[in-house]
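Q: predicted model follows, preceded by the sequence.
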Amino acid sequence: MVAPAAFFCCLSGECALGRKTPLYQTHVDVGARMVDFGGWDMPVHYGSQIEEHHAVRREAGVFDVSHMGVVDVRGPAAREAMQRLLCNDVGRLETLGDALYTCMLNERGGVIDDLIVYAAEDGYRVVVNAATREQDLAWMRSQGVVGDVTFEERDDLAMLAVQGPGARSQVQALLDEAVVARAGELRPFQATRRDELFISRTGYTGEDGFELVMPAGEVADWWQRLVAAGVRPCGLGARDTLRLEAGLNLYGTDMTTETTPLESALGWTVAWEPSDRDFIGRQALAAQREQGVTQKLSGVLLEDRGVLRNHQGVRTPAGEGEITSGSWSPTLERAIGFARVPADAGDECEIDMRGKWKAARLVRLPFVRHGRIRIDLD
Amino acid sequence: MSEIPAELRYTSDHEWVREEDDGSLTVGITAHAQEALGDLVFVELPDEGRLSEAGEACAVVESVKAASDVYAPVAGTVVAINEALEDKPELVNESPYGEGWLFRLEPDDPRNLEGLLNAQAYSALLDEEG
(Lines give C-alpha, C1' and ligand atoms only; values in the text may rest on other atoms or scores of the structure.)
Protein backbone atom coordinates (compact mmCIF):
# COMPACT_ATOMS: atom_id res chain seq x y z
CA MET A 1 0.00 0.00 0.00
CA VAL A 2 2.94 2.39 0.06
CA ALA A 3 4.23 4.13 -2.99
CA PRO A 4 7.77 3.49 -4.04
CA ALA A 5 9.85 6.63 -4.36
CA ALA A 6 11.74 5.00 -7.19
CA PHE A 7 10.22 1.70 -8.14
CA PHE A 8 13.00 0.96 -10.56
CA CYS A 9 16.39 2.18 -9.44
CA CYS A 10 17.61 2.51 -13.00
CA LEU A 11 18.48 0.23 -15.88
CA SER A 12 21.70 -0.92 -14.35
CA GLY A 13 21.51 0.14 -10.75
CA GLU A 14 22.01 -2.14 -7.84
CA CYS A 15 20.14 -1.03 -4.78
CA ALA A 16 22.35 -0.37 -1.83
CA LEU A 17 21.82 0.12 1.87
CA GLY A 18 18.16 -0.83 1.94
CA ARG A 19 16.67 -2.76 4.83
CA LYS A 20 16.30 -6.47 4.21
CA THR A 21 13.55 -8.92 5.16
CA PRO A 22 14.43 -12.39 6.52
CA LEU A 23 13.76 -13.72 3.00
CA TYR A 24 16.21 -11.41 1.22
CA GLN A 25 18.75 -14.15 0.48
CA THR A 26 16.00 -16.53 -0.64
CA HIS A 27 14.87 -13.97 -3.22
CA VAL A 28 18.40 -13.27 -4.45
CA ASP A 29 19.20 -16.98 -4.69
CA VAL A 30 16.35 -17.61 -7.14
CA GLY A 31 17.29 -14.62 -9.28
CA ALA A 32 14.68 -12.09 -8.20
CA ARG A 33 15.17 -8.57 -9.48
CA MET A 34 15.52 -6.48 -6.33
CA VAL A 35 14.46 -2.82 -6.09
CA ASP A 36 14.18 -0.20 -3.42
CA PHE A 37 10.68 0.02 -2.02
CA GLY A 38 10.11 2.44 0.83
CA GLY A 39 13.70 1.98 2.00
CA TRP A 40 13.60 -1.83 1.70
CA ASP A 41 15.35 -4.10 -0.81
CA MET A 42 12.41 -6.02 -2.19
CA PRO A 43 11.80 -8.38 -5.12
CA VAL A 44 9.95 -6.64 -7.96
CA HIS A 45 9.66 -9.87 -9.95
CA TYR A 46 11.21 -13.32 -10.28
CA GLY A 47 11.33 -13.36 -14.08
CA SER A 48 7.96 -12.21 -15.38
CA GLN A 49 5.72 -9.78 -13.56
CA ILE A 50 2.84 -10.57 -15.92
CA GLU A 51 3.01 -14.33 -15.34
CA GLU A 52 3.10 -13.74 -11.59
CA HIS A 53 0.02 -11.54 -11.91
CA HIS A 54 -1.86 -14.27 -13.82
CA ALA A 55 -0.81 -16.90 -11.27
CA VAL A 56 -2.59 -14.94 -8.52
CA ARG A 57 -5.74 -14.39 -10.62
CA ARG A 58 -5.90 -18.03 -11.67
CA GLU A 59 -4.18 -20.16 -8.99
CA ALA A 60 -2.03 -18.96 -6.11
CA GLY A 61 0.97 -16.75 -5.48
CA VAL A 62 3.00 -15.84 -2.41
CA PHE A 63 4.42 -12.40 -1.62
CA ASP A 64 7.03 -11.51 0.98
CA VAL A 65 5.44 -8.53 2.73
CA SER A 66 7.71 -8.58 5.76
CA HIS A 67 8.60 -4.95 5.07
CA MET A 68 5.20 -3.97 6.40
CA GLY A 69 5.05 -2.99 10.04
CA VAL A 70 3.22 -4.92 12.74
CA VAL A 71 2.35 -2.89 15.84
CA ASP A 72 0.72 -4.41 18.90
CA VAL A 73 -1.39 -1.94 20.86
CA ARG A 74 -2.01 -3.08 24.43
CA GLY A 75 -3.36 -1.82 27.70
CA PRO A 76 -6.64 -0.76 29.29
CA ALA A 77 -6.76 2.39 27.14
CA ALA A 78 -6.03 0.61 23.84
CA ARG A 79 -9.59 0.93 22.60
CA GLU A 80 -9.84 4.59 23.48
CA ALA A 81 -6.49 5.22 21.75
CA MET A 82 -7.59 3.49 18.55
CA GLN A 83 -10.90 5.33 18.57
CA ARG A 84 -9.00 8.61 18.76
CA LEU A 85 -6.31 7.71 16.18
CA LEU A 86 -8.35 6.00 13.44
CA CYS A 87 -11.19 7.36 11.30
CA ASN A 88 -12.88 3.96 11.19
CA ASP A 89 -14.23 2.74 14.52
CA VAL A 90 -12.71 -0.26 16.31
CA GLY A 91 -15.96 -0.31 18.29
CA ARG A 92 -17.32 -2.18 15.26
CA LEU A 93 -14.97 -5.10 15.94
CA GLU A 94 -17.22 -7.45 17.85
CA THR A 95 -15.25 -10.67 17.94
CA LEU A 96 -11.64 -11.50 18.67
CA GLY A 97 -9.77 -11.60 15.34
CA ASP A 98 -12.20 -9.31 13.52
CA ALA A 99 -10.45 -6.71 11.36
CA LEU A 100 -11.20 -3.49 9.60
CA TYR A 101 -9.50 -1.28 7.06
CA THR A 102 -9.04 2.35 8.05
CA CYS A 103 -7.03 5.50 7.56
CA MET A 104 -5.10 7.36 10.24
CA LEU A 105 -5.56 11.11 9.75
CA ASN A 106 -3.89 14.32 10.83
CA GLU A 107 -5.91 17.24 12.22
CA ARG A 108 -6.50 18.55 8.68
CA GLY A 109 -8.06 15.25 7.64
CA GLY A 110 -5.00 14.36 5.52
CA VAL A 111 -4.09 10.68 5.40
CA ILE A 112 -1.00 9.75 7.45
CA ASP A 113 -1.38 6.09 6.51
CA ASP A 114 -3.90 3.39 5.67
CA LEU A 115 -3.83 0.24 7.76
CA ILE A 116 -5.63 -2.86 8.93
CA VAL A 117 -6.49 -3.19 12.61
CA TYR A 118 -7.34 -6.53 14.23
CA ALA A 119 -9.02 -7.12 17.59
CA ALA A 120 -6.53 -9.04 19.77
CA GLU A 121 -6.71 -10.67 23.22
CA ASP A 122 -5.19 -7.72 25.02
CA GLY A 123 -5.85 -4.87 22.62
CA TYR A 124 -5.26 -4.57 18.89
CA ARG A 125 -2.80 -5.60 16.22
CA VAL A 126 -2.18 -3.00 13.52
CA VAL A 127 -0.45 -3.63 10.16
CA VAL A 128 0.98 -0.49 8.57
CA ASN A 129 2.92 0.39 5.43
CA ALA A 130 6.67 -0.08 5.16
CA ALA A 131 7.69 3.47 4.31
CA THR A 132 5.48 5.01 6.97
CA ARG A 133 6.02 2.62 9.87
CA GLU A 134 8.39 4.87 11.84
CA GLN A 135 6.32 8.01 11.45
CA ASP A 136 3.13 6.07 12.22
CA LEU A 137 4.61 4.80 15.45
CA ALA A 138 5.82 8.28 16.39
CA TRP A 139 2.36 9.69 15.65
CA MET A 140 0.60 6.97 17.66
CA ARG A 141 2.90 7.51 20.61
CA SER A 142 2.52 11.29 20.53
CA GLN A 143 -1.23 11.47 19.83
CA GLY A 144 -2.65 8.19 21.05
CA VAL A 145 -1.57 8.06 24.66
CA VAL A 146 -4.96 8.77 26.18
CA GLY A 147 -4.34 6.52 29.18
CA ASP A 148 -2.51 3.29 29.92
CA VAL A 149 -1.56 2.07 26.45
CA THR A 150 1.62 0.85 24.76
CA PHE A 151 2.56 0.62 21.08
CA GLU A 152 5.09 -2.14 20.40
CA GLU A 153 6.66 -2.51 16.96
CA ARG A 154 7.10 -6.22 16.27
CA ASP A 155 10.43 -6.33 14.40
CA ASP A 156 10.69 -9.98 15.39
CA LEU A 157 7.90 -10.99 13.00
CA ALA A 158 7.74 -11.66 9.27
CA MET A 159 4.74 -11.64 6.97
CA LEU A 160 3.61 -13.51 3.84
CA ALA A 161 0.57 -12.86 1.66
CA VAL A 162 -0.74 -15.99 -0.06
CA GLN A 163 -3.30 -14.93 -2.64
CA GLY A 164 -5.40 -16.44 -5.39
CA PRO A 165 -8.40 -18.74 -5.79
CA GLY A 166 -6.28 -21.71 -4.65
CA ALA A 167 -4.42 -19.87 -1.90
CA ARG A 168 -6.45 -20.84 1.15
CA SER A 169 -6.41 -24.55 0.44
CA GLN A 170 -2.65 -24.40 -0.17
CA VAL A 171 -2.10 -22.78 3.22
CA GLN A 172 -4.56 -25.07 4.99
CA ALA A 173 -2.68 -28.12 3.71
CA LEU A 174 0.35 -26.87 5.65
CA LEU A 175 -1.40 -25.96 8.90
CA ASP A 176 -1.40 -28.28 11.88
CA GLU A 177 -4.59 -29.82 13.19
CA ALA A 178 -5.00 -27.43 16.07
CA VAL A 179 -5.66 -24.45 13.80
CA VAL A 180 -6.65 -25.76 10.38
CA ALA A 181 -10.38 -25.90 11.12
CA ARG A 182 -10.44 -22.40 12.57
CA ALA A 183 -8.51 -21.06 9.57
CA GLY A 184 -10.99 -22.72 7.24
CA GLU A 185 -13.91 -21.02 8.95
CA LEU A 186 -12.52 -17.48 8.74
CA ARG A 187 -14.70 -15.00 6.91
CA PRO A 188 -13.08 -12.15 4.95
CA PHE A 189 -11.45 -9.67 7.34
CA GLN A 190 -11.16 -12.17 10.17
CA ALA A 191 -8.05 -13.59 11.77
CA THR A 192 -7.08 -16.40 14.09
CA ARG A 193 -3.82 -17.44 15.68
CA ARG A 194 -1.91 -20.37 17.08
CA ASP A 195 0.83 -19.13 19.36
CA GLU A 196 2.78 -16.65 17.23
CA LEU A 197 1.34 -17.82 13.89
CA PHE A 198 -1.30 -15.27 12.97
CA ILE A 199 -3.60 -16.11 10.04
CA SER A 200 -5.94 -13.56 8.50
CA ARG A 201 -8.26 -13.75 5.52
CA THR A 202 -7.10 -10.47 4.06
CA GLY A 203 -5.01 -9.29 1.14
CA TYR A 204 -4.28 -6.64 -1.42
CA THR A 205 -4.97 -8.34 -4.73
CA GLY A 206 -8.74 -8.60 -5.17
CA GLU A 207 -8.51 -12.38 -4.76
CA ASP A 208 -9.24 -14.63 -1.82
CA GLY A 209 -6.33 -15.68 0.35
CA PHE A 210 -4.55 -15.46 3.66
CA GLU A 211 -1.94 -13.21 5.16
CA LEU A 212 0.36 -14.99 7.60
CA VAL A 213 2.37 -13.30 10.34
CA MET A 214 4.97 -15.44 12.09
CA PRO A 215 8.30 -15.31 13.91
CA ALA A 216 11.03 -14.18 11.49
CA GLY A 217 12.92 -17.44 11.98
CA GLU A 218 10.03 -19.50 10.60
CA VAL A 219 9.30 -17.59 7.41
CA ALA A 220 11.92 -19.21 5.16
CA ASP A 221 10.49 -22.64 5.95
CA TRP A 222 6.94 -21.46 5.24
CA TRP A 223 8.06 -19.90 1.96
CA GLN A 224 9.82 -23.05 0.82
CA ARG A 225 6.90 -25.31 1.70
CA LEU A 226 4.43 -23.08 -0.15
CA VAL A 227 6.65 -22.89 -3.23
CA ALA A 228 7.23 -26.66 -3.13
CA ALA A 229 3.44 -27.10 -3.13
CA GLY A 230 3.19 -25.06 -6.34
CA VAL A 231 2.47 -21.57 -5.04
CA ARG A 232 4.27 -19.10 -7.28
CA PRO A 233 6.67 -16.53 -5.80
CA CYS A 234 5.38 -13.08 -6.76
CA GLY A 235 7.08 -9.71 -6.53
CA LEU A 236 5.90 -6.23 -5.74
CA GLY A 237 5.42 -5.52 -9.45
CA ALA A 238 2.56 -8.01 -9.69
CA ARG A 239 1.27 -6.84 -6.31
CA ASP A 240 0.94 -3.34 -7.77
CA THR A 241 -0.95 -4.35 -10.94
CA LEU A 242 -3.18 -6.70 -8.92
CA ARG A 243 -4.16 -4.02 -6.40
CA LEU A 244 -4.71 -1.51 -9.22
CA GLU A 245 -7.08 -3.89 -11.04
CA ALA A 246 -8.82 -4.53 -7.72
CA GLY A 247 -9.36 -0.80 -7.19
CA LEU A 248 -7.28 -0.69 -4.00
CA ASN A 249 -5.47 2.53 -3.14
CA LEU A 250 -1.71 2.80 -2.70
CA TYR A 251 -0.60 5.09 0.10
CA GLY A 252 1.77 7.83 -1.02
CA THR A 253 0.38 8.07 -4.54
CA ASP A 254 -3.41 7.74 -4.39
CA MET A 255 -3.71 9.45 -1.03
CA THR A 256 -1.25 11.41 1.09
CA THR A 257 -1.28 13.88 3.97
CA GLU A 258 -2.44 16.42 1.37
CA THR A 259 -5.68 14.58 0.54
CA THR A 260 -8.56 13.39 2.69
CA PRO A 261 -10.38 10.03 2.52
CA LEU A 262 -13.38 11.87 1.06
CA GLU A 263 -11.24 12.89 -1.96
CA SER A 264 -9.68 9.44 -2.26
CA ALA A 265 -12.66 7.08 -2.70
CA LEU A 266 -12.24 6.14 0.97
CA GLY A 267 -15.28 7.88 2.42
CA TRP A 268 -16.61 4.43 3.33
CA THR A 269 -13.79 4.03 5.88
CA VAL A 270 -14.94 7.05 7.89
CA ALA A 271 -17.21 6.02 10.78
CA TRP A 272 -19.31 9.12 11.52
CA GLU A 273 -21.34 7.27 14.14
CA PRO A 274 -21.26 7.45 17.09
CA SER A 275 -21.34 11.19 16.52
CA ASP A 276 -19.53 11.96 19.76
CA ARG A 277 -16.42 9.93 18.85
CA ASP A 278 -13.76 12.61 18.47
CA PHE A 279 -11.22 10.99 16.14
CA ILE A 280 -8.31 13.06 14.86
CA GLY A 281 -9.33 14.80 11.63
CA ARG A 282 -13.06 14.59 12.29
CA GLN A 283 -13.67 18.33 12.39
CA ALA A 284 -11.78 18.91 9.15
CA LEU A 285 -13.65 16.09 7.38
CA ALA A 286 -17.00 17.34 8.66
CA ALA A 287 -16.20 20.84 7.38
CA GLN A 288 -15.17 19.45 4.01
CA ARG A 289 -18.34 17.40 3.77
CA GLU A 290 -20.37 20.46 4.71
CA GLN A 291 -18.74 22.66 2.06
CA GLY A 292 -18.84 19.96 -0.60
CA VAL A 293 -16.01 17.70 -1.69
CA THR A 294 -14.58 19.12 -4.91
CA GLN A 295 -12.41 16.19 -6.05
CA LYS A 296 -12.83 12.46 -6.37
CA LEU A 297 -10.67 9.46 -7.16
CA SER A 298 -11.91 7.48 -10.14
CA GLY A 299 -10.81 4.54 -12.25
CA VAL A 300 -9.47 5.36 -15.73
CA LEU A 301 -9.40 3.12 -18.78
CA LEU A 302 -7.24 4.25 -21.70
CA GLU A 303 -9.07 3.92 -25.02
CA ASP A 304 -6.02 4.73 -27.17
CA ARG A 305 -2.82 2.71 -27.28
CA GLY A 306 -0.16 3.32 -24.66
CA VAL A 307 0.38 2.95 -20.93
CA LEU A 308 -0.95 5.18 -18.17
CA ARG A 309 1.65 6.52 -15.73
CA ASN A 310 1.55 8.32 -12.41
CA HIS A 311 1.27 12.13 -12.70
CA GLN A 312 0.04 12.26 -16.30
CA GLY A 313 -2.35 15.18 -16.80
CA VAL A 314 -6.09 14.51 -17.20
CA ARG A 315 -8.67 16.84 -18.71
CA THR A 316 -12.43 16.46 -18.46
CA PRO A 317 -15.28 18.79 -19.43
CA ALA A 318 -15.57 19.56 -15.69
CA GLY A 319 -11.91 20.54 -15.29
CA GLU A 320 -8.42 19.15 -14.96
CA GLY A 321 -7.02 16.29 -12.93
CA GLU A 322 -4.09 13.94 -12.57
CA ILE A 323 -3.33 10.23 -12.81
CA THR A 324 -2.35 9.11 -9.30
CA SER A 325 -1.53 5.50 -10.27
CA GLY A 326 -1.17 4.31 -13.83
CA SER A 327 -0.01 1.04 -15.28
CA TRP A 328 -0.88 -1.84 -17.55
CA SER A 329 -3.54 -4.37 -16.67
CA PRO A 330 -2.46 -7.92 -17.54
CA THR A 331 -6.05 -9.15 -17.10
CA LEU A 332 -7.66 -6.51 -19.31
CA GLU A 333 -4.62 -6.15 -21.59
CA ARG A 334 -5.30 -2.42 -21.45
CA ALA A 335 -3.79 0.58 -19.72
CA ILE A 336 -5.63 1.39 -16.48
CA GLY A 337 -5.19 3.73 -13.57
CA PHE A 338 -6.74 5.95 -10.94
CA ALA A 339 -7.24 9.69 -11.49
CA ARG A 340 -8.04 12.51 -9.11
CA VAL A 341 -10.56 14.62 -11.03
CA PRO A 342 -13.29 17.18 -10.31
CA ALA A 343 -16.10 15.61 -8.27
CA ASP A 344 -18.68 16.35 -10.98
CA ALA A 345 -16.66 14.86 -13.86
CA GLY A 346 -18.64 12.41 -16.00
CA ASP A 347 -16.94 9.56 -17.82
CA GLU A 348 -15.34 11.53 -20.64
CA CYS A 349 -11.64 12.38 -20.30
CA GLU A 350 -8.32 12.70 -22.09
CA ILE A 351 -4.81 11.94 -20.89
CA ASP A 352 -1.64 13.91 -21.63
CA MET A 353 0.85 11.32 -22.84
CA ARG A 354 4.16 12.91 -23.76
CA GLY A 355 2.42 16.01 -25.07
CA LYS A 356 -0.38 14.25 -26.98
CA TRP A 357 -3.96 14.03 -25.69
CA LYS A 358 -5.20 10.43 -25.75
CA ALA A 359 -8.80 9.28 -25.38
CA ALA A 360 -9.74 7.63 -22.09
CA ARG A 361 -12.79 6.96 -19.96
CA LEU A 362 -13.50 7.34 -16.25
CA VAL A 363 -14.90 4.08 -14.89
CA ARG A 364 -16.23 2.69 -11.64
CA LEU A 365 -13.83 0.62 -9.58
CA PRO A 366 -12.86 -2.16 -9.38
CA PHE A 367 -11.61 -3.24 -12.79
CA VAL A 368 -11.24 -6.88 -11.73
CA ARG A 369 -12.28 -8.82 -8.67
CA HIS A 370 -12.18 -12.55 -7.96
CA GLY A 371 -10.82 -13.31 -11.40
CA ARG A 372 -13.62 -11.54 -13.27
CA ILE A 373 -13.56 -8.32 -15.28
CA ARG A 374 -16.03 -5.88 -13.68
CA ILE A 375 -16.06 -3.03 -16.19
CA ASP A 376 -17.36 -2.66 -19.71
CA LEU A 377 -14.34 -2.70 -22.03
CA ASP A 378 -16.08 -1.42 -25.20
CA MET B 1 25.62 -11.90 -17.44
CA SER B 2 23.22 -11.16 -20.31
CA GLU B 3 23.96 -12.23 -23.85
CA ILE B 4 26.12 -9.74 -25.82
CA PRO B 5 26.61 -10.95 -29.42
CA ALA B 6 30.16 -10.26 -30.60
CA GLU B 7 29.17 -9.10 -34.11
CA LEU B 8 27.00 -6.18 -32.96
CA ARG B 9 27.78 -2.60 -31.97
CA TYR B 10 26.32 -1.00 -28.84
CA THR B 11 25.50 2.35 -27.26
CA SER B 12 25.88 3.33 -23.64
CA ASP B 13 22.05 3.60 -23.57
CA HIS B 14 21.81 -0.19 -23.92
CA GLU B 15 20.90 -0.30 -27.59
CA TRP B 16 22.43 -2.60 -30.18
CA VAL B 17 23.18 -1.84 -33.83
CA ARG B 18 23.70 -4.34 -36.66
CA GLU B 19 25.16 -3.26 -39.98
CA GLU B 20 23.22 -4.96 -42.80
CA ASP B 21 24.64 -5.89 -46.22
CA ASP B 22 22.92 -2.90 -47.83
CA GLY B 23 24.59 -0.51 -45.38
CA SER B 24 21.44 0.13 -43.33
CA LEU B 25 21.54 -0.26 -39.54
CA THR B 26 19.11 -2.39 -37.55
CA VAL B 27 18.52 -1.09 -34.01
CA GLY B 28 17.14 -2.78 -30.91
CA ILE B 29 17.59 -2.84 -27.15
CA THR B 30 20.01 -5.25 -25.50
CA ALA B 31 19.16 -8.36 -23.52
CA HIS B 32 20.31 -6.49 -20.42
CA ALA B 33 17.94 -3.58 -21.16
CA GLN B 34 14.88 -5.77 -21.69
CA GLU B 35 15.66 -7.72 -18.53
CA ALA B 36 15.90 -4.52 -16.55
CA LEU B 37 12.65 -3.16 -17.98
CA GLY B 38 10.71 -6.37 -17.46
CA ASP B 39 7.69 -7.47 -19.50
CA LEU B 40 7.17 -5.01 -22.36
CA VAL B 41 3.57 -4.09 -23.09
CA PHE B 42 3.84 -1.23 -25.57
CA VAL B 43 6.31 -0.04 -28.19
CA GLU B 44 5.98 3.29 -30.00
CA LEU B 45 8.00 3.36 -33.22
CA PRO B 46 9.01 6.29 -35.45
CA ASP B 47 7.38 6.93 -38.82
CA GLU B 48 9.25 5.59 -41.81
CA GLY B 49 11.14 8.38 -43.54
CA ARG B 50 11.77 10.25 -40.33
CA LEU B 51 15.14 12.02 -40.08
CA SER B 52 16.89 11.65 -36.75
CA GLU B 53 19.96 13.24 -35.26
CA ALA B 54 22.34 11.04 -33.31
CA GLY B 55 21.03 10.72 -29.77
CA GLU B 56 17.53 11.90 -30.64
CA ALA B 57 14.71 9.97 -28.96
CA CYS B 58 12.85 8.19 -31.75
CA ALA B 59 11.07 5.26 -30.12
CA VAL B 60 9.61 4.43 -26.71
CA VAL B 61 9.52 1.02 -25.07
CA GLU B 62 7.16 0.64 -22.15
CA SER B 63 7.09 -2.18 -19.65
CA VAL B 64 4.42 -2.65 -17.02
CA LYS B 65 6.19 -0.26 -14.71
CA ALA B 66 8.46 2.00 -16.74
CA ALA B 67 8.75 3.86 -20.03
CA SER B 68 12.13 4.24 -21.66
CA ASP B 69 13.21 6.28 -24.69
CA VAL B 70 15.19 4.64 -27.47
CA TYR B 71 17.64 6.97 -29.20
CA ALA B 72 18.95 7.03 -32.74
CA PRO B 73 22.49 5.64 -32.35
CA VAL B 74 23.75 7.71 -35.31
CA ALA B 75 22.19 10.37 -37.53
CA GLY B 76 20.08 8.90 -40.32
CA THR B 77 16.70 8.23 -41.91
CA VAL B 78 14.26 5.61 -40.64
CA VAL B 79 13.76 3.17 -43.53
CA ALA B 80 11.86 0.36 -41.80
CA ILE B 81 10.07 -0.35 -38.53
CA ASN B 82 9.18 -3.66 -36.91
CA GLU B 83 5.40 -3.55 -37.23
CA ALA B 84 5.03 -6.94 -35.53
CA LEU B 85 5.74 -5.20 -32.21
CA GLU B 86 2.44 -3.35 -32.37
CA ASP B 87 0.60 -6.54 -31.43
CA LYS B 88 3.46 -8.45 -29.86
CA PRO B 89 5.70 -6.11 -27.85
CA GLU B 90 6.81 -9.17 -25.86
CA LEU B 91 9.00 -10.13 -28.85
CA VAL B 92 11.50 -7.64 -27.44
CA ASN B 93 11.72 -9.73 -24.26
CA GLU B 94 11.72 -13.07 -26.05
CA SER B 95 14.19 -12.23 -28.78
CA PRO B 96 15.90 -8.87 -28.19
CA TYR B 97 18.53 -9.43 -30.93
CA GLY B 98 16.20 -11.15 -33.39
CA GLU B 99 12.45 -10.75 -33.86
CA GLY B 100 12.42 -8.00 -31.27
CA TRP B 101 14.35 -5.48 -33.40
CA LEU B 102 12.84 -1.96 -33.37
CA PHE B 103 13.73 0.02 -36.51
CA ARG B 104 16.22 0.29 -39.36
CA LEU B 105 18.18 3.46 -40.15
CA GLU B 106 19.95 4.57 -43.31
CA PRO B 107 22.95 6.38 -41.75
CA ASP B 108 23.90 9.82 -43.03
CA ASP B 109 27.54 8.83 -42.81
CA PRO B 110 28.58 5.17 -42.41
CA ARG B 111 31.77 6.27 -40.66
CA ASN B 112 29.70 7.42 -37.66
CA LEU B 113 29.36 3.78 -36.73
CA GLU B 114 32.93 3.86 -35.51
CA GLY B 115 31.85 5.92 -32.52
CA LEU B 116 29.80 3.05 -31.13
CA LEU B 117 30.95 0.44 -28.61
CA ASN B 118 32.04 -3.05 -29.56
CA ALA B 119 30.84 -6.07 -27.59
CA GLN B 120 33.87 -6.03 -25.32
CA ALA B 121 33.45 -2.36 -24.46
CA TYR B 122 29.71 -2.79 -23.82
CA SER B 123 30.43 -5.76 -21.59
CA ALA B 124 32.91 -3.63 -19.65
CA LEU B 125 30.27 -0.91 -19.33
CA LEU B 126 27.81 -3.39 -17.80
CA ASP B 127 30.48 -4.54 -15.35
CA GLU B 128 31.14 -0.95 -14.40
CA GLU B 129 27.47 -0.16 -13.88
CA GLY B 130 27.45 -3.41 -11.92
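A: Here it is on my side, so go on.
Q: mind naming the longest helix for chain B?
A: helix B:119-129 (DSSP state H).
Q: buried residues in it?
A: For helix B:119-129, burial by neighbour count (16 or more other C-beta atoms under 10 Å in any protein chain shown) applies to B:Tyr122, B:Ser123, B:Leu125, B:Leu126. The C-beta positions use only the backbone N, C-alpha and C, and glycine is treated the same way.
Q: how near is the last one to chain A?
A: Distance check for B:Leu126 against chain A: by C-beta to the nearest C-beta, to the nearest Å, it reads 7 Å.
Q: thinking again about what came up before, avg pLDDT for the longest helix of chain B?
A: Mean pLDDT, computed over helix B:119-129, is 94.
Q: then stretch A:245-259?
A: Rounded to a whole number, the mean pLDDT of stretch A:245-259 is 98.
Q: between the two ends of that stretch, how far is it?
A: 22 Å (C-alpha to C-alpha, to the nearest Å).
Q: and chain B, is that stretch touching that?
A: No - applying C-beta under 8 Å from any C-beta of the partner chain, one finds stretch A:245-259 out of contact with chain B, separated by at least 11.9 Å.
Q: which parts of chain B sit against chain A?
A: Applying the criterion C-beta under 8 Å from any C-beta, the portion of chain B that neighbours chain A consists of B:14, B:32-33, B:35-39, B:41-42, B:44, B:60, B:62, B:64-68, B:126, B:129-130.
Q: who touches stretch A:310-324?
A: Stretch A:310-324 is touched from outside by A:253-254, A:295, A:297, A:300, A:308-309, A:325-326, A:337-342, A:344-346, A:348-353, A:357, A:360, A:362, with contacts defined as C-beta atoms under 8 Å, 6 or more residues apart in numbering or on different chains.
Q: any buried residues in it, and which?
A: Of all the residues in stretch A:310-324, those buried under the rule 16+ other C-beta under 10 Å are A:Asn310, A:Gln312, A:Val314, A:Arg315, A:Thr316, A:Gly321, A:Glu322, A:Ile323, A:Thr324.
Q: any chance of these in TSV, plus secondary structure?
A: Conversion of these to TSV gives the following (DSSP: H, G, I helix; E, B strand; the rest coil):
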residue	secondary structure
A:Asn310	coil
A:Gln312	coil
A:Val314	strand
A:Arg315	strand
A:Thr316	strand
A:Gly321	strand
A:Glu322	strand
A:Ile323	strand
A:Thr324	strand
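Q: let's have those residues in JSON lines, adding pLDDT.
A: Supplementary listing: these in JSON lines, determined by pLDDT from 0 to 100:
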{"residue": "A:Asn310", "pLDDT": "96"}
{"residue": "A:Gln312", "pLDDT": "98"}
{"residue": "A:Val314", "pLDDT": "98"}
{"residue": "A:Arg315", "pLDDT": "98"}
{"residue": "A:Thr316", "pLDDT": "98"}
{"residue": "A:Gly321", "pLDDT": "98"}
{"residue": "A:Glu322", "pLDDT": "98"}
{"residue": "A:Ile323", "pLDDT": "98"}
{"residue": "A:Thr324", "pLDDT": "98"}
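Q: ok, A:Val270 touching A:Leu262?
A: Yes - when contacts are counted by C-beta atoms under 8 Å, A:Val270 is listed as touching A:Leu262 (7.3 Å).
Q: list residues touching both of these two?
A: Taking C-beta under 8 Å, 6+ apart as the contact rule, the neighbours common to A:Val270 and A:Leu262 are A:Leu285.
Q: higher neighbour count, these two?
A: A:Val270 (23 against 20; other C-beta atoms under 10 Å in any protein chain shown).
Q: please name every helix or strand in contact with the helix or strand of chain A with the lowest mean pLDDT.
A: Taking mean pLDDT, DSSP states H and E as the measure, chain A has strand A:33-37 as its least confident helix or strand, at a mean of 93. Where contact means 3 or more C-beta pairs under 8 Å, 6 or more residues apart in numbering or on different chains; DSSP states H and E, strand A:33-37 is packed against strand A:40-45.
Q: how far out from the middle of the chain is the strand it packs on?
A: Taking C-alpha atoms, centre = their mean, to the nearest Å, one finds strand A:40-45 lying 16 Å from the centre of the chain it belongs to.
Q: which residues touch the helix or strand that it is followed by?
A: Heading C-terminal from strand A:40-45, the first helix or strand you meet, by DSSP states H and E, is helix A:49-58. Contact with helix A:49-58 is made by A:45-46, A:61, A:163-165, A:205, A:207, A:232-235, A:237-238, A:241-242, A:330-331, A:368, A:371, B:38-39, B:41, B:64-65, as judged by C-beta under 8 Å, 6+ apart.
Q: please name the residues that touch the closest residue to B:Gly28 other than its chain neighbours.
A: If the residues on either side of it in the chain are set aside, B:Gly28 comes closest to B:Trp101, at 4.4 Å by C-beta to C-beta, 6 or more residues apart in numbering or on different chains. With contacts defined as C-beta under 8 Å, 6+ apart, the neighbours of B:Trp101 are B:Thr26, B:Val27, B:Gly28, B:Asn82.
Q: got these as JSON lines, with distance to A:His27 columns?
A: Shown next, in JSON lines, are the contacts of B:Trp101 (distance: C-beta to C-beta, whole Å):
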{"residue": "B:Thr26", "distance to A:His27": "36"}
{"residue": "B:Val27", "distance to A:His27": "34"}
{"residue": "B:Gly28", "distance to A:His27": "29"}
{"residue": "B:Asn82", "distance to A:His27": "34"}
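Q: of those residues, select the buried ones using a ChimeraX command.
A: Selection command for ChimeraX covering only the buried members of the contacts of B:Trp101, criterion 16+ other C-beta under 10 Å:
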select /B:26,27,28,82
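Q: for the longest helix of chain B, packing partners?
A: Of the remaining helices and strands, those touching helix B:119-129 by 3+ C-beta pairs under 8 Å, 6+ apart are strand B:9-10.
Q: hmm, who's touching the strand it packs on?
A: Surrounding strand B:9-10, the residues in contact under the criterion C-beta under 8 Å, 6+ apart are B:4, B:16-19, B:30, B:73, B:113, B:116-119, B:121-122, B:125.
Q: buried ones in the next helix or strand after that strand?
A: Read in the C-terminal direction, the helix or strand following strand B:9-10 is strand B:15-19, with elements assigned using DSSP H and E. Judged by neighbour count using 16+ other C-beta under 10 Å, the buried positions of strand B:15-19 are B:Glu15, B:Trp16, B:Val17, B:Arg18.
Q: likewise for stretch A:227-235?
A: Neighbour counts over stretch A:227-235 (16+ other C-beta under 10 Å) mark A:Val231, A:Arg232, A:Pro233, A:Cys234, A:Gly235 as buried.
Q: roughly how far does the second one sit from B:Glu94?
A: If you measure A:Arg232 against B:Glu94 using C-beta to C-beta, to the nearest Å, the figure is 20 Å.
Q: surely B:Ser24 and B:Arg104 touch.
A: Yes - in terms of C-beta under 8 Å, B:Ser24 counts as a neighbour of B:Arg104; the distance is 5.1 Å.
Q: brilliant, that's me finished.
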